[in-house]
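Engineer: whatever this is, show me its structure:
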Amino acid sequence: MLQEKKYDSVQNHYSKVSFNEFAEESEDDNHYIDPLLILKRKKIRNKLRTNIGLSRIISKYGKLNIFLKQLSHKNMYYMRDLGNTLLGIRWRWIIITLFLVNMGSFLFFGTLWWIIARNSGDLERTNATDPCVVNTITLTGYFLLSAETITTIGYGYRYPTERCQFGWFMQAIQILFGMAVQGTLVGIVYVKITKPITTKSSSLFSKRAVICMRDGKLRFVFRIHDFNKKVWCGTNISLYFLDKEMVSPDSEFEMIQMKIEPYGLLIFPLEIEHIINENSPLWTFRPLDILNSRFEIIAVAEGISNKTGQVSQNRTSYSNSDILWGYRFMPCVAYDEMRGGFVVDYKKFKQVRAFDAPLCSAKKLTETYKKISKIDEQS
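Structural biologist: As a prediction, the model looks like this:
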């Protein structure tokens, strides 16, 4: 029997549709509560609950929302692992670091050249005929000499001579220092450009996930395709469930791994499926529970890029607002006779369409199937 409830625009209540044949027993009382198909979400929420519900541990783009607190000698850890520190900071700090390191080295070695030239008598006008550094008597000139030495652009107007005291040693040390610094900074910039976090992980995963019926079972499904071939080789896809409702000051987050069905090669967009059975954390979830519960499903794709040969890990998360009950993904692969090949429509890659699905949990659906089977056997 179909029951309807009128939407109250003043109090902003839900509009709902219920089916008595899928009624489930509540733990709070002994009567049956109809599962609900939510047509409009409530906009007014408790502020604390809204903040908890919207705070993701992993963002849609794969960024971790985790911060360290009360870590002793925190700055020392960053300095000891300077390479990873530079790779993890933002681009503006990388640019500032490049500027400060280069300008600081130019100024430092320029000052040393000025000291050597002064001890060699270059600053005295009487020694202009046999200088240590030709055509330079100011600190600015020695700064430019230092920049020419470190960047190895070649000497032109100003250059050192063999008359400099320890000049040969200074020149050798400065060239080696310049090669080390430039090589390190160039390597950091290259790795930062090519590392997976620079390319949005959302381009690998579908924005939405769906729960639909397939082969008589409810399944959690999301779509993935390696457009940039970041995890093309040795692809490993994992799925984890984080329940935020169970978190208390005396407990920690519990991460449950969700089993996924075998998948093929990433030459086409793939639908990654998780069957909702008795071993699934979504076993007792109904459509209303999906909307009202605070949880996060984390999808991880690992593999090796066949372009750069680098191992990468791409992440995204699906919260209750990203999961659609009773939908399926649109077909996005078709054969083009004009081109003589298969065409992937990226616009349809993220599109979904409504599809019939029971408005009850997988647990209740399984129990209903068993009851029907018993009735058939008895008849």
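Engineer: what residues are up against residue 332?
Structural biologist: If you count contacts by CB atoms under 8 Å, 6 or more residues apart in numbering, residue 332 has them with 269, 344-346, 348-349, 351. In short, each C-beta sits where N, CA and C put it, glycine included.
Engineer: narrow those residues to those that are buried.
Structural biologist: 269, 348-349 (16 or more other CB atoms under 10 Å).
Engineer: among those, which ones are in helices?
Structural biologist: With DSSP state H as the criterion, helices contain 348-349 from among those.
Engineer: could I get the buried ones among the contacts of residue 332 as CSV with pLDDT and distance to residue 219?
Structural biologist: CSV is the format used below for these (pLDDT from 0 to 100; distance: CB to CB, whole Å):
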residue, pLDDT, distance to residue 219
269, 87, 17
348, 85, 20
349, 86, 19
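Engineer: buried sites along stretch 109-128?
Structural biologist: Neighbour counts over stretch 109-128 (16+ other CB under 10 Å) mark 109-110, 112-114, 116-117, 120-122 as buried.
Engineer: against which helices or strands is whichever helix or strand residue 212 is part of packed?
Structural biologist: Using DSSP states H and E, residue 212 maps to strand 209-214. For strand 209-214, the packing partners by 3 or more CB pairs under 8 Å, 6 or more residues apart in numbering; DSSP states H and E come out as strand 217-224, strand 323-325, strand 327-329.
Engineer: the ones you listed: which one's closest to residue 57?
Structural biologist: With CB to CB, the closest approach to residue 57 among the helices and strands packed on strand 209-214 belongs to strand 323-325: 16.2 Å.
Engineer: in the stretch 151-300 of the chain, what residue spans correspond to helices?
Structural biologist: Secondary structure of the stretch 151-300 of the chain (DSSP state H, counting those that start in this stretch): helices at 167-194, 287-292.
Engineer: check the stretch 1-150 of the chain too.
Structural biologist: Using DSSP H, counting those that start in this stretch, helices in the stretch 1-150 of the chain cover 47-54, 74-80, 82-88, 91-119, 139-151.
Engineer: and the ones you listed, which one's lowest on average pLDDT?
Structural biologist: Among those, helix 47-54 carries the lowest mean pLDDT, a mean of 43.
Engineer: against residue 55, how distant is the residue nearest in space to the middle of the chain?
Structural biologist: In the chain, the residue lying closest to the centroid (CA atoms, centre = their mean) is residue 62, at 1.6 Å. Note on residue 62: its distance to residue 55, by CB to CB, to the nearest Å, is 16 Å.
Engineer: and residue 155, by the same measure?
Structural biologist: Residue 155 is 58 Å from residue 55, by CB to CB.
Engineer: that older thread, most tightly surrounded among the helices and strands packed on strand 209-214?
Structural biologist: Neighbour counts (mean count of other CB atoms under 10 Å) averaged over each of the helices and strands packed on strand 209-214 peak at strand 217-224, with a mean of 22.
Engineer: which other residues reach that strand?
Structural biologist: Residues contacting strand 217-224 (CB under 8 Å, 6+ apart): 204-206, 208-214, 237, 258, 266, 269-277, 280, 282, 297, 299, 301, 318, 323, 328-329, 349-350, 357-358, 362, 365.
Engineer: in the strand holding residue 212, what's buried?
Structural biologist: Quick answer for strand 209-214 (16+ other CB under 10 Å): 209-212.
Engineer: taking strand 217-224 as reference, get the angle to that strand.
Structural biologist: 140 degrees (axes from the mean of the first three to the mean of the last three CA atoms, to 10 degrees).
Engineer: circling back: widest-spaced pair of the buried residues of stretch 109-128?
Structural biologist: Across those, no pair lies farther apart than 109 and 121, at 20.3 Å, counting by CB to CB.
Engineer: neighbours around residue 302, how many?
Structural biologist: Burial of residue 302 is recorded as 17 neighbouring residues (other CB atoms under 10 Å).
Engineer: residue 156 and residue 148, how far apart?
Structural biologist: Residue 156 is 8 Å from residue 148, by CB to CB.
Engineer: which one of the two has more residues nearby?
Structural biologist: residue 148 (17 against 8).
Engineer: the strand holding residue 212 pairs with which strands, and in what direction?
Structural biologist: strand 217-224 (antiparallel), strand 323-325 (parallel) (DSSP bridges).
Engineer: how about the closest residue to residue 204 other than its chain neighbours, secondary structure?
Structural biologist: Distances taken as CB to CB, 6 or more residues apart in numbering put residue 314 closest to residue 204, at 5.0 Å, once the chain neighbours are dropped. Using DSSP: H, G, I helix; E, B strand; the rest coil, the structure places residue 314 in strand.
Engineer: read off the pLDDT value for residue 314.
Structural biologist: So residue 314 comes in at 85 (pLDDT).
Engineer: mind checking the pLDDT average for the helix or strand that residue 368 is a member of?
Structural biologist: Using DSSP H and E, residue 368 sits in helix 362-378. Per-residue pLDDT values over helix 362-378 give a mean of 86.
Engineer: list the buried residues in it.
Structural biologist: 362-366.
Engineer: before we move on, what about stretch 335-354?
Structural biologist: Neighbour count says stretch 335-354 has 348-350, 352 buried, by 16+ other CB under 10 Å.
Engineer: possible to save the strands paired with strand 209-214 as CSV with distance to residue 94 and mean pLDDT?
Structural biologist: As requested, the strands paired with strand 209-214 are exported to CSV (distance: least, CB to CB, whole Å; pLDDT from 0 to 100):
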stretch, distance to residue 94, mean pLDDT
strand 217-224, 30, 92
strand 323-325, 37, 92
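Engineer: looking at those, which is nearest to residue 69?
Structural biologist: Here strand 323-325 is closest among those (CB to CB), at 31.1 Å.
Engineer: any idea how far residue 296 lies from residue 237?
Structural biologist: 17 Å.
Engineer: likewise residue 312?
Structural biologist: The value you get for residue 312 to residue 237, if CB to CB is used, is 13 Å.
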